[in-house]
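1. Please work out how this folds:
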Amino acid sequence: MQHKKLTVLLSIIGLIIGFTSLNACATKPVESMSLYQGFIEDMVSKHQFDREELTALMGDAKLQPSIIKAMSSPAEKRLEWHSYRKIFLKPDRINGGVKFWQEHRDLLQQVSEKYGVPAEIIIAIIGVETRYGGNTGSYKVLDSLMTLGFHFPKRAAFFKRELEQFLLLCREEGLNPREPKGSYAGAMGQSQFISSSYRAYAVDGDADNKRDLWASHADIIHSIANYFAKHGWSNTPLITQQTTVSGDAYKALLSSSLKPVNSLQDVKKKGVSTPPDLALNTTVKLLELQQIDHPEHWLTFHNFYVITRYNHSHLYAMAVYQLSQEIKHGFQVASK
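-> Just a heads-up that it's a prediction; the model follows:
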């Protein structure tokens, strides 16, 4: 009898727990939607989005914990130069860049002449970002921006603005916001433009009234060159140059800032070797990069800083530069 009563009691408890769980699951979307309500109202009032359609769209977005994990530990902060370099300076990326140049030779020459940006730099960006279109990202951009905008407090404000830009971009370009895929940070296409950059710098290179950074090589190549031009690319071969140092005074020049602010004359006084063919008032930045068993030093110029506007990392910019030089050499050899 006691056993029977216990069984009945356990069954009742189980039912109560079950109903409670179901109720919690049923209310969770409502609680989640409350997070978006202010954003939705802003989009309605500022940009005249339809409230019901936008509410349905936000309800379809899915939280992706893997995105938060990836954002919390980017490669640029985890890796030393010797490890980071190995990711990008591989034969397949170099050969892929040479092939890309051969396939789009005329277009690259035209764009390079128009914007003043070397073909090898444009190609290297595509190579570093997406392996020449081989990997443009598997996350839905809507999921990425919703996850980071509402569940990653450290950079929530930035990604809410990017979500706003993404929705405006989709409206302007006639895209279904549920469909575009990109990186975990919401970067899109072979050029990996975030939404605000897409709206500001993407170019309709093939004149078809669309800016397609996934499939149109004319749009992709024009857009990357335009991005660099708008960020101040100078039509000069100066990007970066390896150097040597002596003593310890040079260490005062090392900082997290990426902008070249010291003159060659200043760095020379602190034990840094300088190019003899450049004016002493040329501004530079001294970088120290860690190889496996020793540091190496580089003087970087204005155009190197412009590359860091694409991705705010000196490791990234150096990878782009060195890959571009390998591609250029490979292309010249193949063209003989």
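2. Which neighbouring elements make contact with the lengthiest strand in the chain?
-> Counting residues, the longest strand in the chain under DSSP state E turns out to be strand 283-290. Here strand 283-290 touches helix 81-88, strand 262-263, helix 264-269, strand 295-300, helix 302-308, helix 314-335, going by 3 or more CB pairs under 8 Å, 6 or more residues apart in numbering; DSSP states H and E. C-beta coordinates here come from the backbone N, C-alpha and C atoms, glycine included.
3. Now those in TSV, please, with extra columns for mean pLDDT.
-> Output for the helices and strands packed on strand 283-290, formatted as TSV (pLDDT from 0 to 100):
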stretch	mean pLDDT
helix 81-88	96
strand 262-263	97
helix 264-269	97
strand 295-300	98
helix 302-308	98
helix 314-335	98
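4. Turn those into CSV, columns for mean neighbour count and distance to Gly38.
-> Converted to CSV, those look like this (neighbours: other CB atoms under 10 Å; distance: least, CB to CB, whole Å):
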stretch, mean neighbour count, distance to Gly38
helix 81-88, 16, 39
strand 262-263, 18, 45
helix 264-269, 16, 49
strand 295-300, 19, 42
helix 302-308, 22, 34
helix 314-335, 19, 34
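5. residues in contact with Leu54?
-> Shown in contact with Leu54 (CB atoms under 8 Å, 6 or more residues apart in numbering): 40, 43-44, 167.
6. most surrounded residue in these?
-> Neighbour counts for those, by other CB atoms under 10 Å, peak at Leu167, which reaches 22 neighbours.
7. Surely that residue is in a strand?
-> No: secondary structure of Leu167 (DSSP: H, G, I helix; E, B strand; the rest coil): helix, not part of a strand.
8. now it: how far from Val261?
-> Distance, Leu167 to Val261, using CB to CB, to the nearest Å: 38 Å.
9. quick revisit: now go through the contacts of Leu54 and say which are in helices.
-> The members of the contacts of Leu54 that map onto helices under DSSP state H are 40, 43-44, 167.
10. Just send the residues you listed back as a markdown table, with distance to Ser335 and pLDDT too.
-> Converted to a markdown table, those look like this (distance: CB to CB, whole Å; pLDDT from 0 to 100):
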| residue | distance to Ser335 | pLDDT |
| --- | --- | --- |
| Ile40 | 55 | 97 |
| Met43 | 51 | 98 |
| Val44 | 56 | 98 |
| Leu167 | 45 | 98 |
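11. Farthest-apart pair in those residues, please.
-> Greatest spatial distance in the ones in helices among the contacts of Leu54: Val44 and Leu167, 11.3 Å, computed using CB to CB.
12. How many residues are close by Ile194?
-> Ile194: 22 neighbours (other CB under 10 Å).
13. can you pull the contacts of the closest residue to it other than its chain neighbours?
-> Among residues not flanking Ile194 along the chain, Ala187 sits closest, at 5.3 Å (CB to CB, 6 or more residues apart in numbering). By CB under 8 Å, 6+ apart, the contact list for Ala187 reads 129, 137, 193-194.
14. Closest to Pro276 out of those?
-> Glu129 (36.0 Å).
15. what does the host helix or strand of the closest one contact?
-> According to DSSP states H and E, Glu129 maps onto helix 119-130. The contact list for helix 119-130, computed with CB under 8 Å, 6+ apart, reads 88, 93, 96-97, 100-101, 108-109, 111-112, 132-133, 136-137, 187, 189-192, 220-221, 224-225, 228, 307, 310, 316, 319-321, 323-325, 327-328, 331.
16. returning to what we had before: Ala215 is nearest to which of the helices and strands packed on strand 283-290?
-> helix 314-335 (22.0 Å).
17. From the contact counts, what lies against that closest one?
-> Using 3+ CB pairs under 8 Å, 6+ apart: helix 314-335 touches helix 81-88, helix 91-103, helix 119-130, strand 283-290, strand 295-300, helix 302-308.
18. Any chance of the ones you listed in a markdown table with distance to Ala200 as columns?
-> What follows is the helices and strands packed on helix 314-335, written out as a markdown table (distance: least, CB to CB, whole Å):
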| stretch | distance to Ala200 |
| --- | --- |
| helix 81-88 | 26 |
| helix 91-103 | 25 |
| helix 119-130 | 17 |
| strand 283-290 | 26 |
| strand 295-300 | 25 |
| helix 302-308 | 15 |
